[in-house]
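Participant: Structural data only, the sequence is not supplied:
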């Protein structure tokens, strides 16, 4: 069967709108699979996949109690979408709804792999949508008019949504994984010079660099990409999120799988302690005032302590020791971020040596620690990173 | 000149990506106006409109200081976009960027009218985006890979963004304002039955209903639509946001122009006090415990007080008295929302009569107050609302 756009909609309250979307998609040359996720009244148009079939994907028969029904519908749509995707029948997924519809449809979108068009027409987009979007390449449109019938205005919004996903599904350059191996690289503002030095060096060796902004969601996204098999190696040069997560810092909202997925998948992993020198917080807590610190825009930047580095060395060793692939740890001895310098009072050779000593105690002997007499942002360090990658990357 | 998609991008750091977007849009048959909003290094590709020209739209020459430069660039892009739109040269706007790029580009999107395609490819979407989106029909896509060069993955994201907005701009059903007059109707869960009764009655009289969910952003959006001339009349049957805003309630995040725009524009306005009986809060504050209340899902619903109604009557009268168009206030005497009943202990004839008395004292004699012996959600009340609209609506 040719692949189709899945429309997820409650066909009790949003039938007219869903039907309009179907017609627009067909006009755009797309096949449609209409999935009913309604939970109240009977569907007002006939779906291709009924709500009962969706629930059956979650292993449920007829459910009445609302929270169980809601969770079942969500789980069912996730499994159904993954099933269609696995069979090669999915060209994209289009959801429309308010709070509940967005909750259910985006769960399926988050479960689907990168590169499959995902479009949510939602009345509840003008707010915090971190939960809905997470690390996924979701596209969301603010449905400013309530989905309560067709009119000149809602028709325009619905038509835009349909043609947007049709444009993506029918025409966008396919996700073509060229032969050139992709290397995930983590960065944040204070390690950007390092990544800028890395990119041309990786390119000249036949790699392509894929950067992730290590702001919490970025590091988690890199892990997700490794899990989906989209990366062939990782140069994880910015571990800053791990430090921030100890303090509830600005980039600290990272998932527990950080620094684990590359090891689990067994791809080459080169690590460096970028940003482990500085905590970034919205407020300067009193217990941190005695440390070197300064105010940057609306945030404070504070030097990490000896104790922080002990904790981090333990955590890093634990995660890396489970790696199945070649893994190396490089330490730039002259500083770990743009602000790790004598000027800010952040730079401390003693702290760096202490970290190396602790890491050496804990890290499996299979994982070499390479000390490099350079600052992380110096070209020489980027060269060392690429050199280590080349040593372990087999083509 | 035929209309074009405006690309807003920092051509110092995002030149490669912007150039790729341009090529994809041209492949999709779109004309492109490339606008540089870079603020650091010189542009790496040639724009159609330079950053200096953008700043000139904000009345600025060369600026160096960052905050001033940033605000100037934002204001300049807003004015430039509105200027192109006014000349009929804008087919859509496509932004790409991180925090700063999203801040600048979405400001222009918010300023542009409903129905013009607006697409933001943003690395900072997985968070609270209320400020970026506000009441606008913005479409946003999560750019999960950092915009730091082209690779197999970023190419896919960029191509999807280009084809999505091209699909919207080239094919979506145009915003056609049919002859059928559009009536904005405010609703929330507890007044939905009223709106469901209203819709077919409005249709049968040749109107089309456009519903707005009065959750704070919805009421503000209805006002914005009135301002943009997209509505021909308003049946503002859910004033709940005004009560919630007095308590920082769930739907209380409403703008100060609520209940003002229809009057200012002089279009017919029929008002009813829907939802002024109940405050909806995430927490039950101790000073409210003595009032009738109950717990609904994760929120508490609390009866409004005599004092609240006095305050509201004053506020409503102030705003309505400025109306230049025909305005009427209808009071359903048997309850103002689904929960305004004897069963919950919310219903109070005394409070309703008090409100009417106070409103009558303050409201201009030009604005009739019509008391209706019905509950707000009864068909009879919907009939009364449509009847009043018909009296004042001239075709």
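Facilitator: Good, I have the coordinates. Bear in mind that the values here come from a model prediction, so they are computed numbers and not experimental data.

Participant: Please spell out which residues along stretch A:15-34 are buried.
Facilitator: Within stretch A:15-34, the residues scored as buried using 16 or more other C-beta atoms under 10 Å in any protein chain shown are A:15-22, A:24-25, A:28, A:30, A:32-34. Any C-beta I mention is one placed from the backbone N, CA and C, and that applies to glycine too.

Participant: Tell me which residues are up against it.
Facilitator: Outside stretch A:15-34, the residues that touch it by C-beta atoms under 8 Å, 6 or more residues apart in numbering or on different chains are A:2-7, A:9, A:11, A:43-49, A:84, A:89, A:91, A:94, A:96, A:147, A:149-150, A:154-155, A:158-159, A:161-163, A:165-167, A:169-170, B:167, B:171-173.

Participant: Among those, which ones are in helices?
Facilitator: Counting by DSSP state H, the part of the contacts of stretch A:15-34 found in helices is A:84, A:154-155, A:158-159, A:161-163, A:165-167, A:169-170, B:167, B:171.

Participant: Of those, which count as buried by neighbour count?
Facilitator: Counted by 16+ other C-beta under 10 Å, the ones in helices among the contacts of stretch A:15-34 give A:84, A:154-155, A:158-159, A:161-163, A:165-167, A:169-170, B:167, B:171 as buried.

Participant: Residue A:323: which of those residues is nearest?
Facilitator: residue A:84 (34.1 Å; C-beta to C-beta).

Participant: Which pLDDT value does the model give the residue of chain A found nearest chain B?
Facilitator: For chain A, the nearest residue to chain B under the criterion C-beta to the nearest C-beta is residue A:167, separated by 2.6 Å. At residue A:167, the pLDDT value in this model is 97.

Participant: and it, what does it touch?
Facilitator: A:28, B:28, B:163, B:164, B:165, B:166, B:167, B:168, B:171.

Participant: Name the nearest residue to it, ignoring sequence neighbours.
Facilitator: Spatial nearest neighbour of residue A:167, chain neighbours left out: residue B:167 (2.6 Å); criterion: C-beta to C-beta, 6 or more residues apart in numbering or on different chains.

Participant: And the buried ones among the ones in helices among the contacts of stretch A:15-34, which is closest to residue B:390?
Facilitator: For those, the minimum distance to residue B:390 (C-beta to C-beta) is 23.6 Å, reached by residue A:154.

Participant: Can you pull the phi/psi pair for the residue lying closest to the closest one once chain neighbours are set aside?
Facilitator: In this structure, residue A:154 finds its nearest non-sequential neighbour in residue A:145, 4.8 Å apart by C-beta to C-beta, 6+ apart. As for residue A:145, its main-chain torsions (degrees, to the nearest 10) stand at phi -90, psi 140.

Participant: From what I see, residue A:145 and residue A:158 are in contact.
Facilitator: No - the criterion here is C-beta atoms under 8 Å, and residue A:145 misses it with residue A:158 at 9.6 Å.

Participant: so what sits against both of these two?
Facilitator: Counting by C-beta under 8 Å, 6+ apart, nothing touches both residue A:145 and residue A:158.

Participant: returning to what we had before: ok, now which ones touch the residue nearest to residue A:154?
Facilitator: By C-beta under 8 Å, 6+ apart, the neighbours of residue A:145 are A:151, A:153, A:154, A:157, B:210, B:211, B:212, B:221.

Participant: can you check residue A:214 too?
Facilitator: A:186, A:187, A:188, A:222, A:238, A:239, A:240, A:241, A:251, A:275.

Participant: Could you check how far it is from residue A:372?
Facilitator: Distance, residue A:214 to residue A:372, by C-beta to C-beta, to the nearest Å: 20 Å.

Participant: Same question for residue A:50.
Facilitator: Distance, residue A:50 to residue A:372, by C-beta to C-beta: 61 Å.

Participant: Then residue A:154?
Facilitator: Note on residue A:154: its distance to residue A:372, by C-beta to C-beta, is 60 Å.

Participant: and what of residue A:128?
Facilitator: Residue A:128 sits 41 Å away from residue A:372, going by C-beta to C-beta.

Participant: More neighbours: which of these two?
Facilitator: A count of neighbours by other C-beta atoms under 10 Å in any protein chain shown puts residue A:372 above the other of residue A:128 and residue A:372, at 19 against 12.

Participant: ok, that one touching residue A:335?
Facilitator: No - using C-beta under 8 Å, residue A:372 makes no contact with residue A:335, being 11.2 Å away.

Participant: which one is residue A:60 nearest to, not counting chain neighbours?
Facilitator: Leaving out its chain neighbours, the residue that sits closest to residue A:60 by C-beta to C-beta, 6+ apart is residue A:72, at 4.4 Å.

Participant: pLDDT score assigned to that neighbour?
Facilitator: Looking at residue A:72, its pLDDT stands at 96.

Participant: Please verify my assumption that it contacts residue A:57.
Facilitator: No - using C-beta under 8 Å, residue A:72 makes no contact with residue A:57, being 9.1 Å away.

Participant: which residues touch stretch A:362-369?
Facilitator: Contacts to stretch A:362-369, defined as C-beta under 8 Å, 6+ apart, come from residues A:313-314, A:316-318, A:320-321, A:323, A:327-331, A:356, A:359-360.

Participant: one more time with 6 Å, if that's ok
Facilitator: Applying C-beta atoms under 6 Å, 6 or more residues apart in numbering or on different chains, the contact partners of stretch A:362-369 are A:317, A:320, A:321, A:327, A:328, A:329, A:360.

Participant: The fifth one in helix, strand or coil?
Facilitator: Right, residue A:328. With DSSP: H, G, I helix; E, B strand; the rest coil as the basis, the three-state label of residue A:328 is strand.

Participant: Who are the contact partners of it?
Facilitator: Counted by C-beta under 6 Å, 6+ apart, residue A:328 has contacts A:270, A:368, A:388.

Participant: can you count the residues close to the last one?
Facilitator: What that stands for is residue A:388. Residues lying near residue A:388 (other C-beta under 10 Å) number 22.

Participant: ditto for residue A:82
Facilitator: As a measure of burial, residue A:82 has 16 neighbours, counting by other C-beta under 10 Å.

Participant: does it belong to a helix or a strand, and which?
Facilitator: Using DSSP states H and E, residue A:82 sits in helix A:66-86.

Participant: Please determine whether the top strand by length along chain A lies in contact with chain B.
Facilitator: Using DSSP state E, we find that the single longest strand of chain A is strand A:90-97. No - judged by C-beta under 6 Å from any C-beta of the partner chain, strand A:90-97 and chain B are separated, with a smallest distance of 9.9 Å.

Participant: Between residue A:72 and residue A:57, tell me which one has more neighbours.
Facilitator: Set residue A:72 next to residue A:57 and count neighbours by other C-beta under 10 Å: residue A:72 wins out with 22 against 19.

Participant: so what's the more buried one up against?
Facilitator: Residues in contact with residue A:72 (C-beta under 6 Å, 6+ apart) are A:55, A:58, A:60, A:63.

Participant: again, only using 10 Å
Facilitator: A:39, A:51, A:54, A:55, A:56, A:57, A:58, A:59, A:60, A:61, A:63, A:65 (C-beta atoms under 10 Å, 6 or more residues apart in numbering or on different chains).
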